[in-house]
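Next come a sequence and a model predicted from it.
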Amino acid sequence: MNFHHTLSTQNIVIIEPQNLSTFQPLTQLKPLSLLQWAGGSLFDALSAQFPEMSIHIWGNDDFKSIAMERHKVQFYNHKISGSTLFISSQFFPSFVTELFDLFEIEKESIFQSNHQFAFAFFENPPVQHEHFLSFIQSSETRELPSIFAQHFMRDFASPIINLHDHLIKRISWLKENNAYSLQENGVFNNAKDSFQLVSFDTSNGPIWIGKNVEIEPFSHLLGPLILDDNCTVKSHSRIASSGIGRFCKVSGEISVSQLMAYSNKAHSGFLGHSILSSWVNFGADTNTSNLKNNYSPLCFQWNGFKTEFSQFLGSVIGEHCKTAINTQLNTGTTMGAFSNLFSADFPQKEIPTFSWGDEQYNLEKAIETARIVMERREISLLPCEEAQIRKLFRS
């Protein structure tokens, strides 16, 4: 079944959680639905899949200007009328192609996953954005089938757990919706370059190479892997089972990790089972630990929120963070936005927002550095983004 042909849907509304704390530090400067995973955000995926529909976001008013000015979201907390599909921003973008072919969707039905809203369809929505989540909480709901729950992000670390499957599904969508040249079996090359002295291993999944990607000699790439447009892989790198975002520069060893657009790990060092937000820069020989020496369970912690893993957990890094050369990040490290690390020892596992070593980062210097970093990529820091940075500093 193809949902948007079976039902004359006019709108798709992405519902942001009321409480984004379980997705911080990733969502300190933008809503969850606009996080730029390799291959795009949930908003990007829905807009591309359903260009004839109006795609809305209902979420925190603090992010409205950023969403509309930076990410070109036309409808943010707008009122709607007519048949509407509501989908949680907690779905990973790779889920978009499956969402409407899962099963017969009953009109007026509401689905949840572990007591969190998942999706619903209404011919005439009973409420607008101010009251939608309250309405859901007081309504009868059905549980999202467990086979699909793996696509639903419970917290900021969830994408790491099923990253292999997310990447394969995302590449499948990219294949069907883009022109590409097949370099060899399982390697989809849009860069239109023949990479010299580069090895590709697709035995565990395909490899997607975006436009204007540069891969230097003696690199070893293992699928499933997405190298998004305009990213660079430096010589002698080993990149496996990861999503590398637009305009990223990477080197060394990267495994089971997501790097969002405009982040750099351009030197040697190991990054494993980690997520880097946009505008992150790792100094040379920065390393992440992703396994305890005694193989015991480990966890992420952020502002009182805690999520446990059995094994293999690296770091979750907020926007505009930086590490000095030879920085060592312990298993389960979280860094709030605008954190700067420089220490010969392991830092604490929870790095507060606006940290400057063991002190607080000067706000004006943080903003000025962000402006310089972005202008190097020919992007200007918008007034609405600066206002959100200042609000984050005061919070």
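Now that the structure is in, tell me what you want to look at. Numbers count the residues shown, from 1 in each chain.

F23 and K30, how far apart?
The gap separating F23 from K30 is 11 Å, by C-beta to C-beta, to the nearest Å. Yep, even glycine has a C-beta here, placed from its N, CA and C like the rest.

what do you get for L133?
On the measure of C-beta to C-beta, L133 and K30 end up 19 Å apart.

Neighbour count: these two, which is higher?
Between L133 and K30, K30 has the larger neighbour count (other C-beta atoms under 10 Å), namely 24 against 16.

Now do the same contact list for the more buried one.
Contact partners of K30, counting by C-beta atoms under 8 Å, 6 or more residues apart in numbering, are F63, I66, A67, R70, H71.

ditto for T22
T22 touches R154, D155, F156, F305, T307, counting by C-beta under 8 Å, 6+ apart.

Contacts only, for the fourth one.
So the one you mean is F305. With C-beta under 8 Å, 6+ apart, F305 has these contacts: S21, T22, Q24, D155.

try 10 Å
Listed by C-beta atoms under 10 Å, 6 or more residues apart in numbering, the contact set of F305 reads N19, S21, T22, F23, Q24, D155, F156, T334.

buried subset of those residues?
Neighbour-count burial within these applies to T22, F23, Q24, D155, F156, T334; the criterion is 16 or more other C-beta atoms under 10 Å.

From those, which one has the minimum pLDDT?
Among the buried ones among the contacts of F305, F156 has the lowest pLDDT, at 81.

hang on, isn't that residue packed against K306?
No - judged on C-beta atoms under 10 Å, F156 makes no contact with K306 at a distance of 11.7 Å.

Quickly list what's touching both of the two.
Residues touching both F156 and K306 (C-beta under 10 Å, 6+ apart): F300.

Now distance to E214 too, for the contacts of K30, in CSV please.
Shown next, in CSV, are the contacts of K30 (distance: C-beta to C-beta, whole Å):
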residue, distance to E214
F63, 33
I66, 30
A67, 31
R70, 26
H71, 26
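
Now do the host helix or strand of K365: distance to the chain's middle.
Here K365 sits within helix 363-376, counting by DSSP states H and E. Remark: helix 363-376 is offset 22 Å from the chain centroid, using C-alpha atoms, centre = their mean, to the nearest Å.

For stretch 273-284, output the C-alpha coordinates as PDB.
What follows is stretch 273-284, C-alpha atoms only, in PDB (Å, rounded to 0.1, in the frame of the first residue of the first chain):
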ATOM      1  CA  HIS A 273      29.900   4.200  18.400                       C
ATOM      2  CA  SER A 274      29.600   8.000  18.600                       C
ATOM      3  CA  ILE A 275      27.500  10.900  17.300                       C
ATOM      4  CA  LEU A 276      29.000  14.300  16.400                       C
ATOM      5  CA  SER A 277      26.700  17.300  15.900                       C
ATOM      6  CA  SER A 278      27.400  20.000  13.300                       C
ATOM      7  CA  TRP A 279      30.400  22.300  13.600                       C
ATOM      8  CA  VAL A 280      32.500  20.000  15.800                       C
ATOM      9  CA  ASN A 281      36.300  19.900  15.400                       C
ATOM     10  CA  PHE A 282      38.400  17.100  16.800                       C
ATOM     11  CA  GLY A 283      42.100  17.900  17.300                       C
ATOM     12  CA  ALA A 284      44.800  15.600  16.100                       C
END
